[in-house]
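Visitor: Here is my input; please provide its structure:
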Amino acid sequence: MSQKDQQKAAAVETAAAGHGGLSQTELDELVASSDTGGRSVGGLVGTLLMLVALSWSLFQLYIASPFGLFNDTLARSIHLGFAVFLGIMVFPAARTKFQIALGVIVPLVLAALFMLSAKDATAIWWIPLPALFVIATVVLGSPKDRVPFWEWALAVVGALCALYLFIFYREISERVGAPITQDYVVAITGLLILLEATRRALGPALMIVASVFLIYTVLGPNMPSIIAHKGNSLSEIVNHQWITTEGVFGIALGVSTSFVFLFVLFGSLLDRAGAGNYFIQVAFSLMGHLKGGPAKAAVVSSAMTGLISGSSIANVVTTGTFTIPLMKKVGFSSEKAGAVEVASSVNGQIMPPVMGAAAFLMVEYVGIPYFDVVKHAFLPAVISYIALVYIVHLEALKAGMEGLERPYTPKPIVQRLIGIVFAIAAICALSFAVYYGMGWLRPAFPETAGYIIFFFLTLVYAGLLYIAAREEPLHLDDPNAPVTKLPLPGPTIRSGLHYILPVVVLVWALMVDRLSPGLSAFWAAAYMVFILLTQRPLMALFRGESRLLADIKEGVLDLIDGLVTGARNMIGIGIATATAGIIVGVVSQTGVGSALADVVEVLSGGNILAILFLTSILSLILGMGLPTTANYIVVSALLAPVIVTLGQQNGLIVPLIAVHLFVFYFGIMADVTPPVGLASFAAAAVSGGDPIKTGLVAFFYSLRTAALPFLFIFNTELLLIGVGWGQGLFVFVIATFAMLLFAAATQGWFIAKNRFYETIALLLIAFTLFRPGFWMDMVSPPYSEEAPSAIVQAAAETPVGERLRLRVAGVNDLGDPIEFVALLPLGPGATGEEKLEAAGLAFRQDGENMIIDDVLYGSPAEAAGLDWDQQVLRVLKPVPQPSKYWMFIPALLLLALVVFLQRGRNRRGSGQTVSV
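Guide: Take a look at the predicted model:
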């Protein structure tokens, strides 16, 4: 985009934004204060900050590259050094009384506790000094338009503390577990400055939570007995939290360093190239003519924008500036227009293949490849977006809305269907040709395959650019103009097809080549660098308007701007993962996870559904002040193992990935939930509506997203666990239909306005389609209970490959008594004894009691959690059961009745009188 076009675009954006609420400048400040830093400085300092951010991006590209051999711990140290320095420099200290009080009280309290926990009384006199240093910078404050000298001092000292592991790595490795005075000074200073950077960049909530956990580390013996622990000395805290990779420099910061930065940078570069506007225009050209078309286009464009924006707030402002005024134009209220944008933008973080920082943390925490995370998350994400489009459709039906005027005469439906079929066939043929061609190319040319692939990819890129050059450039239309015509779909799509190539590179590397997420993102980002440098010169050349040097210069400036923006977008994530590492470190150091399991069990009464509700509420509460990534780290570290353990004790075997996705979904929901849903406030700023009402409506629209985690906990088929592709397609169709019925029930409208009993019926039908086994288990139990002494006979009657369910009693790792259900897959054998022996299990009988006498190492029995001296309490043998899908018949009959009733009301005209 030329400078003239950029000025025109800025004017359009300002006009669009000002019509609803804030001006574009104010919206940019809102996003900056939340994501990239609210301090705006120019001159030499501004240039320096730009160079630091640029250096951070270049460093991350280097260590992610195939030739960037770099120690992981050292990379984390440098990563945090950049994040802390930029966090202090670009986020000014808040001047509210609460913020100042917090910035003063927290360092004082922590300094006092550190002194209390120090063993050597002669070495603690200096501990208040770092606290006073931080407090002085808080009290003195900082303006938004310049950086005072005390801010420079705080930023430099914080960065040096983070770089301590890099500078003294060899010396520290020789004294792990025995910190010296220098280690104490750096660790305490670093912790206090990190918490201050957290307060500035992310608000007070995460700072408070991390501080509470540090307090708990010291005051463990003084806590209530159920969560008490022995307490940790200052030496143990310093060693665990700063000197090793158990706390601040732990897994979370490692994922931020290795994976997340490259994906955020990729999105920033893609957006800078113009993909954001392209996605919005394509969505409008395809869907704007439908009922409530601008709202449906907002959903689709936000899903696509989720590929290039890891921030729900930035997503809302980027797409909402254009979609919200158009939604209002066709009849949506300010609150509903903002709510649709919020619901769709927040869901961008759950849309594969790029799902935000928390998805990459799952790779480490769950211990599965990223491909599997994407596979498990795919169906719920797609179902959620389809349901949101349907919700928008229902809102349009309620209000009698129409779409925008089409600038062309549509083709007959048969001709359109034939075109779609041919397009799908062409894409499939091309996909197969590329897949098998790559499979042949690499073995045939093992040394030069990469260069050949790049050559052909470049040819495709040049061809797509040539096609784009023959179309008019995409301009940002003013959505507040009196008459708005939709862009033509064909020319709009052709004008930016080259933006799809880097996404294809990313998906191919992740899904087909199965490269690591970091290396996949590196190749995608590297290809984006190539596009940014060549896009303008080639496009101008194909149009006969070439100004080679000027075009190359603009391309270089676009690249630099994208690299700098990517780094600034990462400041909050880098600081959040480091601070969340404090919490994870406390959990591993104090064993609070086991204590929390007891607390949760007492509060829930051991009921798995109650545990899930407690977890969801905790995620929503923490999410009011924590970013999604930090929220996920905290809740998953505290409660994910608890849910798995207590689920097993209740006879429900919950896969770990299902629990982590459950936490992830509710962490995202927190951006919507009033009274602190930041995305709702951003949307209200654009629409001019009430932010609380916007948040309430958005939460109502997002009920489908809140229901899905509960459903896939109890029906793991939704996560494609244990199903083939054929069954997976069947599950997708049924689950999508069920979610549409759920949306119709929650929106109070199906074919006509729902009566209360029709809403209940639709909810019942949706539940039955989601979980038909719930009702079938009542009609025909899947297991028959046998006495423990009959386990050998039960094993003999169970087919090989089926699993016996054993309820056993034993002790956990801490020696406390527990009961749980184990699923024991039976091995081959002619008799019950042989099947049990093949499973690695041997028993001894003590009267009526069956005691486990031996469990072979590495056997299925050990994998099921069985161990020596456990007592078998119950044996549940699988029995033949009718297909659970028979329950669909009564559900569909009930649905037919609802359709009959509502169609009858429509024919009588009563359904047409309902207004919103």
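
Visitor: Flag every buried residue along stretch 194-214.
Guide: Of all the residues in stretch 194-214, those buried under the rule 16 or more other CB atoms under 10 Å are 194-211, 213-214. Yep, even glycine has a C-beta here, placed from its N, CA and C like the rest.

Visitor: got it, and stretch 684-703?
Guide: Buried, per 16+ other CB under 10 Å, within stretch 684-703: 684-689, 691, 693-699, 701-703.

Visitor: any idea of the mean pLDDT for that stretch?
Guide: Stretch 684-703 comes out with an average pLDDT of 82.

Visitor: Over to stretch 474-483?
Guide: In the prediction, stretch 474-483 has an average pLDDT of 57.

Visitor: do stretch 323-334 as well
Guide: 79.

Visitor: can you give me how far it is from the chain middle?
Guide: 28 Å (CA atoms, centre = their mean, to the nearest Å).

Visitor: Can you give me the end-to-end span of that stretch?
Guide: By CA to CA, to the nearest Å, the extent of stretch 323-334 from end to end equals 12 Å.

Visitor: contact partners of it?
Guide: With contact meaning CB atoms under 8 Å, 6 or more residues apart in numbering, stretch 323-334 is reached by 16, 19-20, 280, 284, 288, 292-295, 297-298, 301, 336-338, 340-341, 395-396, 399-404, 479-480, 484, 683-684, 686-690, 694, 916.

Visitor: Just to be careful, could you list which of the residues you listed are in helices?
Guide: 16, 19-20, 280, 284, 293-295, 297-298, 301, 336-338, 340-341, 395-396, 399, 683-684, 686-687, 694 (DSSP state H).

Visitor: Just the buried residues out of the residues you listed, in ChimeraX syntax.
Guide: Paste this into ChimeraX to select the buried members of the ones in helices among the contacts of stretch 323-334, with burial taken from 16+ other CB under 10 Å:
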select :16,19,20,280,284,293,294,295,297,298,301,336,337,338,340,341,395,396,399,683,684,686,687,694
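
Visitor: Could you pull up the mean pLDDT of stretch 350-364?
Guide: For stretch 350-364, the per-residue pLDDT averages 73.

Visitor: Check stretch 781-792 too.
Guide: Per-residue scores along stretch 781-792 average to 84.

Visitor: Name the residues of it that are buried.
Guide: Residues of stretch 781-792 classed as buried by neighbour count (16+ other CB under 10 Å): 783, 786, 788, 790, 791, 792.

Visitor: need the contact list for the residue nearest to the last one when sequence neighbours are not counted.
Guide: Put plainly, it is residue 792. Nearest-residue entry for residue 792: residue 832, 3.9 Å, with adjacent residues in sequence omitted and distances by CB to CB, 6 or more residues apart in numbering. By CB under 8 Å, 6+ apart, the residues touching residue 832 are 791, 792, 793, 794, 795, 796, 797.

Visitor: Now the element after the longest helix along the chain, going C-ward?
Guide: Identified as the longest helix of the chain according to DSSP H is helix 548-590. Proceeding N to C from helix 548-590, the next assigned helix or strand is helix 592-604, under DSSP states H and E.

Visitor: what helices or strands is that next one leaning on?
Guide: helix 608-623, helix 628-649 (3 or more CB pairs under 8 Å, 6 or more residues apart in numbering; DSSP states H and E).

Visitor: switch the cut-off to 10 Å
Guide: helix 204-218, helix 548-590, helix 608-623, helix 628-649 (3 or more CB pairs under 10 Å, 6 or more residues apart in numbering; DSSP states H and E).

Visitor: from those, which stretch is densest packed?
Guide: Highest mean neighbour count among the helices and strands packed on helix 592-604 (mean count of other CB atoms under 10 Å): helix 628-649, with a mean of 24.

Visitor: The helix or strand just after that helix versus helix 608-623: what angle between them?
Guide: Sequence order places helix 656-669 as the next helix or strand after helix 628-649, per DSSP H and E. Using axes from the mean of the first three to the mean of the last three CA atoms, to 10 degrees, one finds that helix 656-669 and helix 608-623 are set 40 degrees apart in direction.

Visitor: Dump helix 656-669 to PDB, keeping only the CA atoms.
Guide: This file holds the C-alpha atoms of helix 656-669, laid out as PDB (Å, rounded to 0.1, in the frame of the first residue of the first chain):
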ATOM      1  CA  LEU A 656      -5.300 -35.300  30.100                       C
ATOM      2  CA  ILE A 657      -5.700 -33.300  26.900                       C
ATOM      3  CA  ALA A 658      -9.400 -33.100  27.500                       C
ATOM      4  CA  VAL A 659      -8.800 -31.500  30.900                       C
ATOM      5  CA  HIS A 660      -6.300 -29.000  29.500                       C
ATOM      6  CA  LEU A 661      -8.600 -28.000  26.600                       C
ATOM      7  CA  PHE A 662     -11.400 -27.600  29.300                       C
ATOM      8  CA  VAL A 663      -9.200 -25.100  31.200                       C
ATOM      9  CA  PHE A 664      -8.100 -23.400  27.900                       C
ATOM     10  CA  TYR A 665     -11.700 -22.800  26.800                       C
ATOM     11  CA  PHE A 666     -12.800 -21.200  30.100                       C
ATOM     12  CA  GLY A 667      -9.600 -19.100  30.100                       C
ATOM     13  CA  ILE A 668     -10.700 -17.600  26.800                       C
ATOM     14  CA  MET A 669     -14.300 -17.100  28.000                       C
END
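
Visitor: Where does the prediction get shaky in the stretch 651-800 of the chain?
Guide: 651, 674-678 (pLDDT under 70).

Visitor: which residues in it form helices?
Guide: For the stretch 651-800 of the chain, the helices defined by DSSP state H, counting those that start in this stretch occupy 656-669, 678-687, 691-701, 703-714, 725-747, 756-770, 772-779, 791-797.

Visitor: do the stretch 251-400 of the chain as well
Guide: Using DSSP H, counting those that start in this stretch, helices in the stretch 251-400 of the chain cover 251-255, 261-273, 275-287, 293-305, 312-329, 334-346, 357-362, 370-399.

Visitor: Same list (these) but as CSV, adding distance to residue 766.
Guide: Formatted as CSV, the helices of the stretch 251-400 of the chain follow (distance: least, CB to CB, whole Å):
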stretch, distance to residue 766
helix 251-255, 36
helix 261-273, 34
helix 275-287, 25
helix 293-305, 20
helix 312-329, 27
helix 334-346, 19
helix 357-362, 27
helix 370-399, 11
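
Visitor: among those, which is the most enclosed?
Guide: helix 334-346 (a mean of 30).

Visitor: what angle separates it from helix 628-649?
Guide: Using the same axes, to 10 degrees: helix 334-346 against helix 628-649 is 70 degrees.

Visitor: Alright, calling it a day.
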